[in-house]
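1. What would the 3D arrangement of this be:
(4 chains)
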Protein chains: 2
Amino acid sequence: MSTTRLVVASYIALGVTARRGPTTSYDLKRYVAESIGYFWQIPHAQLYAEPQRLEDLGLLRSRSEEGGRRRRFFEITDAGREAFEAWLADPSTDAPELRDTGLLKLHFGALGTPDDVRALGEHQREVREERLQRFLEFEAQYDGRPGQEHQLLTLRLGQAYERMFAAFWQQVADSAEDLAEGRVGSIELRFLADEGERG
Amino acid sequence: MSTTRLVVASYIALGVTARRGPTTSYDLKRYVAESIGYFWQIPHAQLYAEPQRLEDLGLLRSRSEEGGRRRRFFEITDAGREAFEAWLADPSTDAPELRDTGLLKLHFGALGTPDDVRALGEHQREVREERLQRFLEFEAQYDGRPGQEHQLLTLRLGQAYERMFAAFWQQVADSAEDLAEGRVGSIELRFLADEGERG
DNA sequence: GGGGTAACCGTCCAACTTGTACGGTGCAGA
DNA sequence: TCTGCACCGTACAAGTTGGACGGTTACCCC
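-> The predicted model follows:
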């Protein structure tokens, strides 16, 4: 943490602070848990270390409460806002990662039994449907205040995403036997068939 | 690395070794780079440390070449195979993660300009289409040898996945202005419309 | 055959990250 | 008043990371 390079957690801290005004690390932690955390966990220790570092770099400033909980509020500086906006304006990103142990188990499926694969498919479908359900509920909570449209869009993507995975895993479960017998061709992957015609 | 708990990298080492027979850490590194690595990077240092640890746990055994490169080959033991198969047979998994800086930038899109969002959308669409292209080429390389069906299925999912993201980002680019003016409702997310009717 | 270079193979380690344990404050309800 | 829970933050041991380094073999071109 002694380097001057900004990492993703830095921009989360800057972005949340820019949006919310005075923000404690605890606020940051909750913000992440309730939004970004659903697809990208940040260990909370980092959300305490990072704002400190950003203050040293002049991108945030802080003031602490005198009494009581002595909470420490961070605010974004002009330099911080500039750094954040430069990041936003740069469309390039690191290679996206997808850490899905279920897919890894499927990858190695041939080393197990068809029953393993079917059970995996069914369980993963359930998990994905629960997540979908949660995401649908989140959308209902949106209150239409301006400034949330972009989040809403990521939420919609999340919904589509979970739907796609649920459909995928359902097919995996349905075709576990076929797969084991080498008939991968018979799996149509219907869930993406309509997509193929998009032009 | 002194604990006895197995992590994902452990199962990758066990699985690849089970499938390939005698395997060096370097082989492991290449295997990961050419398959799993496209959605889940494992630092190579871990692929050297992990087999050593697994040998200490009795799940792998090794023998080293005498001369030349003194390569160290690992093989799976019965205990190792058992541990791996138990893992495969367990359909539960850790919460999947999706580390996508592009989505994060979109999340904070309201703090930037519509042009930022459009540029982001266009760039991300390109990136996704390149990945899709690569995945389509991979499929052409499959030789139909048995035992690869499960990988092929994950590859197909990867293709659907990239297609979906490409379509999503295209829409983001197309609707950057609408978004900035609060008209998120006008974004149909066509790319998932057909999905919605799935039972 | 010699020289260059690229792929092969592995180790090391300083810097960084992570999870977990801990310790305290303030509020609300029993 | 007491008890529990949400709030708020720190500390640090253990583990992870990426990049530098160093040697070997195969191959190609001259």
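2. what about A:Arg145, how many neighbours?
-> A:Arg145: 8 surrounding residues under other CB atoms under 10 Å in any protein chain shown. (Glycine included, C-beta is placed from N, CA and C.)
3. End to end on stretch A:58-69, go ahead and measure it.
-> With CA to CA, to the nearest Å applied, stretch A:58-69 spans 25 Å between its terminal residues.
4. Tell me the predicted confidence for the residue nearest to the spatial centre of chain A.
-> Closest to where the C-alpha atoms of chain A average out (CA atoms, centre = their mean) is A:Phe39, at 2.1 Å. Listed pLDDT for A:Phe39 reads 90.
5. That one and DNA strand C, how far apart?
-> For A:Phe39, the distance to DNA strand C (CB to the nearest atom of the strand, to the nearest Å) stands at 15 Å.
6. Then A:Ser35?
-> 17 Å.
7. Does that residue touch B:Leu103 like I think?
-> No. A:Ser35 lies out of contact with B:Leu103 (CB atoms under 8 Å); the separation is 10.9 Å.
8. between those two, which one's more packed in?
-> B:Leu103 (24 against 17).
9. Surely the more buried one touches A:Phe39?
-> Yes. Using CB under 8 Å, B:Leu103 makes contact with A:Phe39 at a distance of 7.2 Å.
10. can you list the domains in chain A?
-> Residue ranges for the domains of chain A, per automatic domain parsing: A:8-89, A:101-197.
11. and the ones you listed, which one's lowest on average pLDDT?
-> Among the domains of chain A, domain A:101-197 carries the lowest mean pLDDT (a mean of 86).
12. chain center to the longest helix anywhere in chain A, what's the gap?
-> As assigned by DSSP state H, the longest helix anywhere in chain A is helix A:114-141. Its chain's average C-alpha position is 16 Å from that of helix A:114-141, according to CA atoms, centre = their mean, to the nearest Å.
13. Assign the residue nearest to the residue nearest to the centre of chain A when sequence neighbours are not counted to one of the three secondary structure states.
-> Spatial nearest neighbour of A:Phe39, chain neighbours left out: B:Leu98 (4.1 Å); criterion: CB to CB, 6 or more residues apart in numbering or on different chains. Assigned by DSSP: H, G, I helix; E, B strand; the rest coil, the conformation of B:Leu98 is strand.
14. Got the phi and psi for A:Gly144?
-> The phi and psi values for A:Gly144, taken as degrees, to the nearest 10, are phi 80, psi 0.
15. All the strands of chain A, residue numbers only.
-> A:60-64, A:72-76, A:97-99 (DSSP state E).
16. so which of those strands comes closest to A:Gly21?
-> Among the strands of chain A, strand A:72-76 comes nearest to A:Gly21, with 6.7 Å by CB to CB.
17. quick one: is that closest one near chain B?
-> No. Shown here: strand A:72-76 not in contact with chain B (CB under 8 Å from any CB of the partner chain), separated by at least 10.2 Å.
18. Using CSV, write down the CA coordinates of that strand.
-> Provided in CSV are the C-alpha atoms of strand A:72-76 (Å, rounded to 0.1, in the frame of the first residue of the first chain):
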residue,chain,number,x,y,z
ARG,A,72,-13.8,9.5,10.6
PHE,A,73,-15.5,11.1,7.5
PHE,A,74,-13.8,11.3,4.2
GLU,A,75,-14.6,13.8,1.4
ILE,A,76,-13.2,13.9,-2.1
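19. That one packs against which elements?
-> Judged by 3 or more CB pairs under 8 Å, 6 or more residues apart in numbering or on different chains; DSSP states H and E, strand A:72-76 is in contact with helix A:8-20, helix A:44-56, strand A:60-64.
20. and the first one, how far from the chain's centre?
-> In this case it means helix A:8-20. Distance of helix A:8-20 from its chain centroid, counting by CA atoms, centre = their mean, is 15 Å.
21. That helix: which residues count as buried?
-> Buried residues in helix A:8-20, counted by 16 or more other CB atoms under 10 Å in any protein chain shown: A:Val8, A:Ala9, A:Ser10, A:Tyr11, A:Ile12, A:Ala13, A:Leu14, A:Gly15, A:Val16, A:Thr17, A:Ala18.
22. Can I get those in TSV including distance to DNA strand C?
-> TSV is the format used below for the buried residues of helix A:8-20 (distance: CB to the nearest atom of the strand, whole Å):
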residue	distance to DNA strand C
A:Val8	9
A:Ala9	7
A:Ser10	9
A:Tyr11	13
A:Ile12	12
A:Ala13	13
A:Leu14	15
A:Gly15	17
A:Val16	17
A:Thr17	19
A:Ala18	21
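23. check those against chain B, which are close?
-> When those are checked against chain B using CB under 8 Å from any CB, the ones in range are A:Val8, A:Tyr11, A:Ile12, A:Gly15, A:Ala18.
24. Name all residues that make contact with the first one.
-> Think A:Val8. A:Val8 makes contacts with A:Trp40, B:Thr101, B:Leu104, as judged by CB atoms under 8 Å, 6 or more residues apart in numbering or on different chains.
25. what about the last one, distance to A:Val8?
-> Right, B:Leu104. Here B:Leu104 is placed at a distance of 7 Å from A:Val8 (CB to CB, to the nearest Å).
26. Equivalent analysis for A:Gln151, please.
-> A:Gln151 is 17 Å from A:Val8, by CB to CB.
27. Number of residues surrounding whichever residue of chain A sits closest to DNA strand C?
-> Residue nearest to DNA strand C within chain A: A:Gly68 (2.3 Å; CB to the nearest atom of the strand). Using other CB under 10 Å, A:Gly68 has 6 other residues around it.
28. can you check the one 5 residues further on too?
-> A total of 18 residues lie near A:Phe73 under the criterion other CB under 10 Å.
29. That one against A:Ser62, yeah?
-> Yes. Counting by CB under 8 Å, A:Phe73 touches A:Ser62, with 6.4 Å between them.
30. which residues touch the residue nearest to A:Glu55 when sequence neighbours are not counted?
-> In this structure, A:Glu55 finds its nearest non-sequential neighbour in A:Ser62, 5.6 Å apart by CB to CB, 6+ apart. Counting by CB under 8 Å, 6+ apart, A:Ser62 makes contact with A:Pro51, A:Glu55, A:Arg72, A:Phe73, A:Phe74, A:Glu75.
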